[in-house]
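A.B. asks: 3D model of this:
(2 chains)
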Protein chains: 2
Amino acid sequence: MFSKTLFSMRMKRAHIISIGNELLIGDTINTNAAFIGQTLTHLGVAIEQVFTIPDDYSLIKRRISSSLEHADVTIVTGGLGPTHDDITKKVVSEIFGSKLVQNERVLNHIKKIFFDRGFTLSPSNIEQAAVPDVCDVLYNEQGTAPGMWFEKENHYLAVLPGVPYEMKYLMEKRVIPKLKSLYTDLNIRVTDYLKTAGIPESTLSDLIGNLEEYTNNGVGVAYLPNPGGVTIRLSADGTTAEQAEKKLLKLRKMVYKKSGDFIFAKQRDKNLAEVVGAILSEKKLTLAVAESCTGGMLANELTNITGSSAYMLGGVVAYSNSAKSAMLSVDAELINQFGAVSKPVALEMAKNAAQKFGADIGISTTGIAGPGGGTAEKPVGTVWIGFYLEGENFALKTVFTNNRLVNKQRTVMVALETVRRRLLGIKTYPYELKPHFS
Amino acid sequence: MFSKTLFSMRMKRAHIISIGNELLIGDTINTNAAFIGQTLTHLGVAIEQVFTIPDDYSLIKRRISSSLEHADVTIVTGGLGPTHDDITKKVVSEIFGSKLVQNERVLNHIKKIFFDRGFTLSPSNIEQAAVPDVCDVLYNEQGTAPGMWFEKENHYLAVLPGVPYEMKYLMEKRVIPKLKSLYTDLNIRVTDYLKTAGIPESTLSDLIGNLEEYTNNGVGVAYLPNPGGVTIRLSADGTTAEQAEKKLLKLRKMVYKKSGDFIFAKQRDKNLAEVVGAILSEKKLTLAVAESCTGGMLANELTNITGSSAYMLGGVVAYSNSAKSAMLSVDAELINQFGAVSKPVALEMAKNAAQKFGADIGISTTGIAGPGGGTAEKPVGTVWIGFYLEGENFALKTVFTNNRLVNKQRTVMVALETVRRRLLGIKTYPYELKPHFS
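C.D. replies: Residues are numbered from 1 along each chain as shown, chains lettered A, B, ... in the order given. Got it, this is the predicted structure:
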């Protein structure tokens, strides 16, 4: 609350208006508002409200008119397509008392798109090239609907298409640069997203401890739990990026000092497979996997990363016991004696995967993903994760949940985080698990 | 527009109010509003607006008060947690001029949750058991924050926690039954989500043709393109579910007649792997996969399905050429002569996967996922998908996009849709591809 009051004079306030029946009936999730929220927050513009409204002329008109009056910046998305539902352009044209005029540059761009695809132009496509005569056109190289920019007594309005990648393009290339040039004295917000894995939120916050002395004067911290781990968000407001950075410095240093081993990435869009891949590349190590309960998820996440063929040699999905023997040479006797979900089988699978693919590192997973198949001794969620790494053969045992997908995801997370920590020389294991050696 | 006017007298209107700073700054995507929108739409309640607002006392108060006046039903989510940001309960208590009183049943439930987890109760946890004395408590077996129900002159207000699975639970178990008992004369909306795969939107709509004669009197159709395929949404409003069903009948029949072969599921939450799995189970067939460019995604999607161990025997992720030879016995000469991305290699991989795992069916993928690695002859996005199925060994060749993830997803889709069509005796292949036999 303190930072809010302190900066209220410099703060600009934004409304986001998302238009489209599909958003209200829940056929489409409103991801656009989240993206715009992130982008404006970073710029130092506070999002005051998001309004999601249907393709209804009078409602759109009332809503935009009201936001134009109450907010400094209004971002409207949706309703710019070529069909009769798409009425946003007509509404804003009426609000500003302007005429729709053909824009030659937009028309040529639309013609080119249609020509390239071998389609013929319809009258409604040509109509997309008409824009209100009082707006600045936000040229849209990614699609047929141009964005529009309006100004009215220091209130700014951007009208953008609802297609997410077109909206993103226009926000990044047109709207943000415009706002930056208009608002030169905004409080910039610098935000760190420190992603952790293998540590529960409560343990992490206990470990980091009380941060009150670091979080004042526009500096804040939050813990954001996600399925893949807990993200620590640090933010600071400042008149310049440099000033905000400087304010964040002490807090960031403290958080790293306390929890640095658990932080695998500093960017919100970086995942564990990417980080492990980069370490493998740097150390020139290769990897192979042997998956039972994760059923291909581990290989899939690793191969989602561009360039992964350099270190990911391959894997076996061995769902059945016979596949474990036939494809991974796991001794059938071992499976008989200890069961497929056991330490000896996990150890063998990891070692043999490495050997069969000629990889430096082998990872294996074997467990009861659920929802059925548990026993008193081995309940649903019991998972053994095996490793062959730096010449050592070891396994971790965990008991997760009753949910099949959650169990698969957590197993993959623990597997990758274990490799990350080991290769970086970090002495702990995810969730303080203890390694069982062969 | 016709249906809107016709039913306006019977139509009830809802507002959704989503509370939470994390929604405005874009750290969390507002999936709750989409779920509530779907649920109320199905019930015949029209969503007029969604308001997303910050944890701000006066704004929450103004917003809820206004919606209570203008909407028949208002659903509020968020701000019911145990921290100082969570002020929703105080606000509604003030709006209704009521007192917060301890609810014993809620308190006992909270105590039990903490006892089971071995945690000790804090004062703020105990405060969660206090509810306004004028509300009906919506008991929440899934978490510690109770939901609340208020009535004011035929306006209804439900206040729910923001945690998605708790919100869903309370919507389904408490809110919807209440609304059903209060609104006995609503126009029920019946909606079909007919999911197709392997056919572009324009081809599908051309195939189905003009539906004007079927879409009047509250009956509508829409094409919803998704990454996994195009969904056809059919909907009809009626005074009873039976009447709405009846109105939909002719349209549904026509759509099936024209495009039935392409429809793989009739429920929006059913995916292709689940459908193929059900067919395999029914026919008592087993499957194995050999993946290069999809890197485990095909196995992962198949094994995400509960019970898949009955038909999915396993797979090999053979990223490197040597793995294709060592693990799948693909003749190294074949790879040298034709390249890894070729018909002969795809054919061998599929046949050998089936043989090595002892499965009835083998599927293989080999392609250039990108973004790098393309040549003039084999550009990025070139994929061969091989099959060994009903004793036949054949392969399909496609050229997808420059995007690695999209290429993986489309390859998995075409692979699964091909198996579905073949096993159901449908004569066409996805995207009208032609099979290349060995």
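
A.B. asks: can we go C-alpha only for contacts and neighbour counts from here?
C.D. replies: Fine.

A.B. asks: Tell me the secondary structure at the spatially most central residue of chain A.
C.D. replies: Centroid-nearest residue in chain A, with CA atoms, centre = their mean: A:D269, separated by 4.7 Å. Following DSSP: H, G, I helix; E, B strand; the rest coil, A:D269 is assigned to coil.

A.B. asks: Need the per-residue pLDDT for it.
C.D. replies: pLDDT for A:D269: 86.

A.B. asks: cool, and the one 3 residues further on?
C.D. replies: Looking at A:L272, its pLDDT stands at 97.

A.B. asks: That one against A:F264, yeah?
C.D. replies: Yes - using CA atoms under 8 Å, A:L272 is in contact with A:F264, at 7.0 Å.

A.B. asks: which of these two has more neighbours?
C.D. replies: Taking other CA atoms under 10 Å in any protein chain shown, A:L272 and A:F264 do not tie; A:L272 has more neighbours (23 against 19).

A.B. asks: How much space separates that one from chain B?
C.D. replies: Per CA to the nearest CA, to the nearest Å, A:L272 is found 17 Å from chain B.

A.B. asks: ok, which stretches of the stretch 251-400 of chain A are strands?
C.D. replies: Listed in chain order, the strands of the stretch 251-400 of chain A (DSSP state E, counting those that start in this stretch) span A:263-265, A:287-291, A:312-318, A:361-367, A:382-389, A:392-399.

A.B. asks: Sheet partners, orientation included, of the fourth one?
C.D. replies: With DSSP bridges as the test, strand A:361-367 is paired with strand A:287-291 (parallel), strand A:382-389 (antiparallel).

A.B. asks: just the ones you listed: most buried one?
C.D. replies: Neighbour counts (mean count of other CA atoms under 10 Å in any protein chain shown) averaged over each of these peak at strand A:287-291, with a mean of 31.

A.B. asks: Taking strand B:312-318 as reference, get the angle to that one.
C.D. replies: Between strand A:287-291 and strand B:312-318, the angle comes out at 180 degrees (axes from the mean of the first three to the mean of the last three CA atoms, to 10 degrees).

A.B. asks: Report the residue ranges of every domain in chain A.
C.D. replies: The record's domain parsing of chain A by automatic domain parsing lists A:12-182, A:188-265, A:272-437.

A.B. asks: what's the burial count for A:K266?
C.D. replies: Count around A:K266 with other CA under 10 Å applied: 15.

A.B. asks: Quick one: the helices in the stretch 201-350 of chain A, in order.
C.D. replies: For the stretch 201-350 of chain A, applying DSSP state H, counting those that start in this stretch gives helices covering A:201-208, A:241-259, A:272-283, A:297-303, A:321-328, A:332-338, A:343-357.

A.B. asks: and the fifth one, what's its mean pLDDT?
C.D. replies: Across helix A:321-328, the average pLDDT comes to 94.

A.B. asks: now stretch A:64-83
C.D. replies: For stretch A:64-83, mean pLDDT is 94.

A.B. asks: circling back to that earlier point, now mean pLDDT too, for the strands paired with strand A:361-367, in a markdown table please.
C.D. replies: What follows is these, written out as a markdown table (pLDDT from 0 to 100):
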| stretch | mean pLDDT |
| --- | --- |
| strand A:287-291 | 98 |
| strand A:382-389 | 97 |
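
A.B. asks: need these in TSV with distance to A:F96, can you?
C.D. replies: As requested, those are arranged in TSV below (distance: least, CA to CA, whole Å):
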stretch	distance to A:F96
strand A:287-291	61
strand A:382-389	63
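
A.B. asks: now the closest residue in space to A:K180 that isn't next to it in sequence: how far from B:H15?
C.D. replies: Excluding its sequence neighbours, the residue lying closest to A:K180 (CA to CA, 6 or more residues apart in numbering or on different chains) is A:L43, at 7.7 Å. Separation of A:L43 from B:H15 (CA to CA, to the nearest Å): 30 Å.

A.B. asks: want to try TSV for the helices of the stretch 201-350 of chain A, with distance to B:T215 as columns?
C.D. replies: Output for those, formatted as TSV (distance: least, CA to CA, whole Å):
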stretch	distance to B:T215
helix A:201-208	52
helix A:241-259	56
helix A:272-283	49
helix A:297-303	43
helix A:321-328	53
helix A:332-338	61
helix A:343-357	58
